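Asker: Sequence first, predicted coordinates after that:
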Amino acid sequence: MMLRLAALCMLLGGVALAQDRTESASGAVLRGLDKLNGTVVDIELPAGRTVKFERLNITLTECRYPAGNPAGNAYAGLQITETGRAGAVFSGWMVASSPALNAMEHVRYDVWVLRCTTS
């Protein structure tokens, strides 16, 4: 019984390690929403670049996805600032499959990750 339990733990540990491997992408596709007028815009952004969306300046530090599965669950490191406002509006990682997990909190704008881009 103990041998089977130990073997199961080793197997599950190997599966967890395989799922933790990710690859870095060349960019990401984000979606921006202006809540006031209902405008929705898809934003393609290369890693290391900054793009302007309305009053927001969005910088993509990195986009990662599961190894061997570019269409898989993406997560992106973002720095978002607002023109005329000191400090960052958002700084951290956003996960495509769970946008509410670490969402940007802003009265007028919403930004979330759709996917990574690999070319």
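Answerer: Everything's here; your move.
Asker: what comes up buried for stretch 67-75?
Answerer: Within stretch 67-75, the residues that qualify as buried by neighbour count (16 or more other CB atoms under 10 Å) are 72-75. Backbone N, C-alpha and C define where each C-beta goes, glycine included.
Asker: actually stretch 50-68, not the one I wrote
Answerer: Neighbour-count burial for stretch 50-68 [16+ other CB under 10 Å]: 53, 56, 58-60, 62-66.
Asker: Filter those down to just the ones in strands.
Answerer: Applying DSSP state E to these, the entries found in strands are 53, 56, 58-60, 62-66.
Asker: Which residue comes closest to Pro46 once chain neighbours are left out?
Answerer: Gly27 (4.2 Å; CB to CB, 6 or more residues apart in numbering).
Asker: Could you give the bridge partners of the one you found?
Answerer: Counting by DSSP bridges, Gly27 is bridged to Pro46, Thr117.
Asker: hang on, it packs against Leu114?
Answerer: No: Gly27 is beyond contact range of Leu114, at 11.5 Å (criterion: CB atoms under 8 Å).
Asker: More neighbours: which of the two?
Answerer: Gly27 (20 against 16; other CB atoms under 10 Å).
Asker: show me what contacts that one?
Answerer: Contacts for Gly27 (CB atoms under 8 Å, 6 or more residues apart in numbering) come out as 44-47, 49, 60, 63, 116-117.
Asker: pLDDT below threshold where in the protein?
Answerer: Along the chain, segments meeting pLDDT under 70 span 1-20.
Asker: Could you tell me how many residues sit around the residue lying closest to Asn57 once chain neighbours are set aside?
Answerer: Among residues not flanking Asn57 along the chain, Thr81 sits closest, at 4.9 Å (CB to CB, 6+ apart). Using other CB under 10 Å, Thr81 is surrounded by 18 other residues.
Asker: Identify the residues contacting Thr81.
Answerer: 56-57, 87-89.
Asker: wait, which of those residues is closest to Leu101?
Answerer: Relative to Leu101, the closest of these is Val89; by CB to CB it sits at 17.2 Å.
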